[in-house]
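>>> Sequence and predicted structure, then a few things I'm wondering about:
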Amino acid sequence: MTLDPEERERYARHLVIPELGEEGQAKLAAASVLVVGTGGLGSPVLLYLAAAGVGRLGIVDGDVVELSNLQRQVIHASTDLGGRKVESAAAKLRALNPGVALDLHDLTFTGEAAAALVADYDVIVSAVDNFPTRYLLNDLCVLTRKTLVEGAILRFIGLAMTIDGGESACYRCVFPEMPAPGTVPTPAEAGVFGPVAGTIGCLQACEVIKVVAGAGVPLYDRMLQFDALAMSFQEVALGREPACAVCGEHPTITSPADAGRV
C-alpha cells in the first residue's frame with residue numbers, strides 16, 4: 001500500500017507508532033470487519049474502526065433509531081429518529097472517513113444469512129444485546145475459524161474477550177448454556193450506564209485493530225471485566241473447556257446449521 005499525502009496526514013498518529021506504522025496501516029486498509037449491532041457497543045466500535053482506516057466495514061442491524069437509544073448509542077442523533085439504524089450509522093461513518101467501504105445489512109442476524117455474512121469478513125465483532133445472537137456468533141466463528149471480538153454490558157458492568165475461533169477459549173467455554181428466557185434481565189429492564197457502553201466498545205475496537213495489525217497481545221484466553229461504579233478492571237484467566245459443545249473434544253455443534261443451539 002502506498003499512502004497518498006491526504007492519507008499520510010489522516011493516519012499520521014498511527015504511522016509514527018512502531019507497532020503500527022505503514023505496514024500496520026496497510027493491513028488495516030486490506031481488512032474487512034463485520035460489526036453486528038449499531039447500538040451502545042457498535043457505535044464506538046464502528047466510529048473508531050472507520051477512523052482507523054479499516055478498508056471494509058460490514059454493518060448489521062435490523063432496527064430503527066428510537067429516542068431511548070440516544071442515551072448511549074452515540075453514532076445516532078435526534079435527527080435520525082425513526083430511520084433505519086444501518087443508514088444512520090453509515091451516514092456518520094461516511095462523513096468521518098469517506099475512504100472506508102461500507103456494506104449495509106439491514107436484517108435480523110439469523111440462519112443462513114448469518115453464516116454467509118461471517119464467512120465474508122476477516123474479523124467479527126459481537127455488539128449485540130441478546131443471548132441467541134451472541135451464541136450464534138460464537139458458534140459460527142469457532143466453526144469457521146474466525147476471530148470474534150466479544151463485548152457485553154449491563155448496568156455499571158461490562159466485559160470483553162477475544163476469541164481465536166477453534167484455538168482459544170470461546171464464549172461457550174465460559175458460559176456453556178444459554179440462559180432460559182426471563183432468567184437474566186435485559187438492558188431495557190435493568191438499565192445501562194451509558195459510558196460503560198463507550199468503554200467496552202472502545203476496548204473492542206482496540207482488539208480489532210491489534211488483531212488485524214498483529215500488534216500487542218489480544219484478549220485470547222482472558223476476559224476483561226469493567227466496573228464503572230468501582231472504576232476498576234479485573235482480568236480473568238480462561239481456558240478451553242474439554243466438554244465445550246462447540247470447541248471441545250467431542251462437540252455436539254458441528255455445522256453452521258447447528259450454530260446458536262441451546
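Yes, it's here. Numbering: from 1, shown residues only.

>>> Every contact and neighbour count from this point should use C-alpha atoms.
OK.

>>> Endpoint to endpoint, stretch 44-63 covers what distance?
18 Å (CA to CA, to the nearest Å).

>>> what's that stretch in contact with?
11, 25, 28-38, 74-75, 84-86, 93, 96-97, 99-109, 198, 201-202, 204-205, 209 (CA atoms under 8 Å, 6 or more residues apart in numbering).

>>> starting at the chain centroid, how far to that stretch?
Remark: stretch 44-63 is offset 9 Å from the chain centroid, using CA atoms, centre = their mean, to the nearest Å.

>>> same deal with stretch 89-98?
Worked out by CA atoms, centre = their mean, stretch 89-98 lies 18 Å from the chain centre.

>>> Now it - C-alpha only, PDB.
Below are the C-alpha coordinates for stretch 89-98, written out as PDB (Å, rounded to 0.1, in the frame of the first residue of the first chain):
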ATOM      1  CA  ALA A  89     -24.600   4.700  11.200                       C
ATOM      2  CA  ALA A  90     -23.400   4.800   7.600                       C
ATOM      3  CA  ALA A  91     -24.000   8.500   7.200                       C
ATOM      4  CA  LYS A  92     -21.800   9.300  10.200                       C
ATOM      5  CA  LEU A  93     -19.100   6.900   9.000                       C
ATOM      6  CA  ARG A  94     -19.000   8.400   5.500                       C
ATOM      7  CA  ALA A  95     -18.700  11.800   7.000                       C
ATOM      8  CA  LEU A  96     -15.900  10.700   9.200                       C
ATOM      9  CA  ASN A  97     -13.900   8.700   6.600                       C
ATOM     10  CA  PRO A  98     -15.100   8.500   3.000                       C
END
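
>>> From Leu70, how far out is Tyr171?
29 Å.

>>> same thing with Ile163?
As judged by CA to CA, Ile163 and Leu70 stand 30 Å apart.

>>> Neighbour count for these two, which is higher?
More neighbours surround Ile163 than the other of Ile163 and Leu70, with 25 against 18 (other CA atoms under 10 Å).

>>> In contact with the more buried one, which residues are there?
Ile163 neighbours (CA under 8 Å, 6+ apart): Thr147, Leu148, Val149, Glu150, Ala169, Cys170, Tyr171, Leu219, Tyr220, Asp221.

>>> what do you get for Ala95?
With CA under 8 Å, 6+ apart, Ala95 has no contacts at all.

>>> Flag every buried residue along the helix or strand containing it.
Taking DSSP states H and E as the definition, one finds Ala95 inside helix 85-96. Residues Lys85, Val86, Glu87, Ser88, Ala89, Ala90, Lys92, Leu93 are the ones in helix 85-96 that count as buried (16 or more other CA atoms under 10 Å).

>>> hmm, back to that, select from the contacts of Ile163 the one having the most neighbours.
Of all these, Cys170 has the most neighbours under the rule other CA under 10 Å, reaching 32 neighbours.

>>> if I've got this straight, Asn138 is in a helix?
Yes. Per DSSP: H, G, I helix; E, B strand; the rest coil, Asn138 lies within a helix segment.

>>> Distance check, the closest residue to it other than its chain neighbours against Gln73.
The shortest distance from Asn138 to any non-neighbouring residue, by CA to CA, 6 or more residues apart in numbering, is to Tyr171 (6.2 Å). Tyr171 is 24 Å from Gln73, where distance means CA to CA.
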